[in-house]
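**Student:** Pasting the sequence and the predicted model now:
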Amino acid sequence: MSVASLDRPQANPDGVDLVTGALPEDSPARQQAQAIAADFPDIRFPDGWKANIEGTDINLSYPAGWEIAKRLKFAQGFDRPAPRDYVGPAPLFAPEAAAMARRAKQADYRLILAYHTQGKLIFWKYDGYDPAGAYALGRRMEAVSGYTLETTPAYSGNAGYKDWFIQEWGRPGYTIEAGKGVNPLPLAQFNEIYRENFGILLLGMVGLET
């Protein structure tokens, strides 16, 4: 974790610092990422980066269909550290994913919201799992936000944090694709995204008791 991230908790702190410019040009971490990115010239650097600084995609690191995700991503050429879509050598190998998993087990969450960008979508289901009350709560989130509730597409429906949470506990988990445009979304969208997601966050706090 870089010093720049210590006051801004993130699931992927160094990846965020790279994209936002918080890592100096001459920092070893940025140079490491640039060397990885050189093998993937079609992905904009650093704007197209969404892995951790070692080139593992954190949201493809969880033990829920990880082997499926590995097969799909390897077939697409992401079979080694990359700016995105590399699943790593094993589930929870990335320290950031391992930390998220430990925290989930300690906290015993009733539900989780996994925030991503972009698309104004709410993904609520994993594989054949259908946690009690999850769809109804997702519809309420849809209503208060204007986002669209959808099932996760098959091509991206494995090895994510939300997928693992649903599989592990059988409780509701949602991936929120906030905002709309080209990643990384401009900071100018922040107020709009906050307004759209305020109701989702409140529903997430009170959960199935509403």
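**Tutor:** Yep, that arrived.
**Student:** how near is the residue of the chain positioned farthest from its centre to G15?
**Tutor:** In the chain, the residue that sits farthest from the middle, by Cα atoms, centre = their mean, is D26; the gap is 27.6 Å. Using Cβ to Cβ, to the nearest Å, D26 is found at 19 Å from G15. Every C-beta, even on glycine, is put in place using the N, C-alpha and C of the backbone.
**Student:** Repeat that for T56.
**Tutor:** 10 Å.
**Student:** if you count what's nearby, which of these two comes out ahead?
**Tutor:** Taking neighbours as other Cβ atoms under 10 Å, T56 and G15 compare with G15 leading, 27 against 24.
**Student:** where exactly do the helices run in this structure?
**Tutor:** Secondary structure of the chain (DSSP state H): helices at 13-20, 28-37, 66-75, 95-107, 134-145, 161-169, 190-206.
**Student:** Low-confidence stretches in the protein?
**Tutor:** Counting by pLDDT under 70, the low-confidence segments of the chain come to 1-9, 209-210.
**Student:** go with 80
**Tutor:** Within the chain, the ranges that satisfy pLDDT under 80 run 1-9, 154-156, 207-210.
**Student:** returning to that earlier point: can you put the helices of the chain in JSON lines and add distance to A82?
**Tutor:** Below are the helices of the chain laid out as JSON lines (distance: least, Cβ to Cβ, whole Å):
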{"stretch": "helix 13-20", "distance to A82": "12"}
{"stretch": "helix 28-37", "distance to A82": "7"}
{"stretch": "helix 66-75", "distance to A82": "9"}
{"stretch": "helix 95-107", "distance to A82": "16"}
{"stretch": "helix 134-145", "distance to A82": "31"}
{"stretch": "helix 161-169", "distance to A82": "19"}
{"stretch": "helix 190-206", "distance to A82": "27"}
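**Student:** Would you mind telling me which of the ones you listed is nearest D47?
**Tutor:** Smallest distance to D47 across these (Cβ to Cβ): 6.4 Å, for helix 13-20.
**Student:** Can you give me the buried ones in that closest one?
**Tutor:** The neighbour-count check on helix 13-20 (16 or more other Cβ atoms under 10 Å) flags P13, D14, G15, V16, D17, L18, V19 as buried.
**Student:** Contacts only, for the nearest residue to the third one once chain neighbours are set aside.
**Tutor:** With sequence-adjacent residues excluded and distances taken as Cβ to Cβ, 6 or more residues apart in numbering, G15 is closest to N52, at 5.3 Å. With contact taken as Cβ atoms under 8 Å, 6 or more residues apart in numbering, N52 is in contact with N12, D14, G15, I58, A94, E96.
**Student:** Ok, K73 next?
**Tutor:** K73 makes contacts with L60, D79, D85, Y86, V87, as judged by Cβ under 8 Å, 6+ apart.
**Student:** thinking the second one is in contact with G88, fair?
**Tutor:** Same thing as D79. No - if you go by Cβ atoms under 8 Å, D79 and G88 don't touch, sitting 11.1 Å apart.
**Student:** These two: who's more crowded?
**Tutor:** In this view D79 and G88 are compared by other Cβ under 10 Å, and G88 has more residues nearby, 22 against 13.
**Student:** Quick check: the closest residue to that one other than its chain neighbours vs V19, distance?
**Tutor:** Of all residues not flanking G88 in the chain, T56 sits nearest, at 4.1 Å (Cβ to Cβ, 6+ apart). Per Cβ to Cβ, T56 is found 16 Å from V19.
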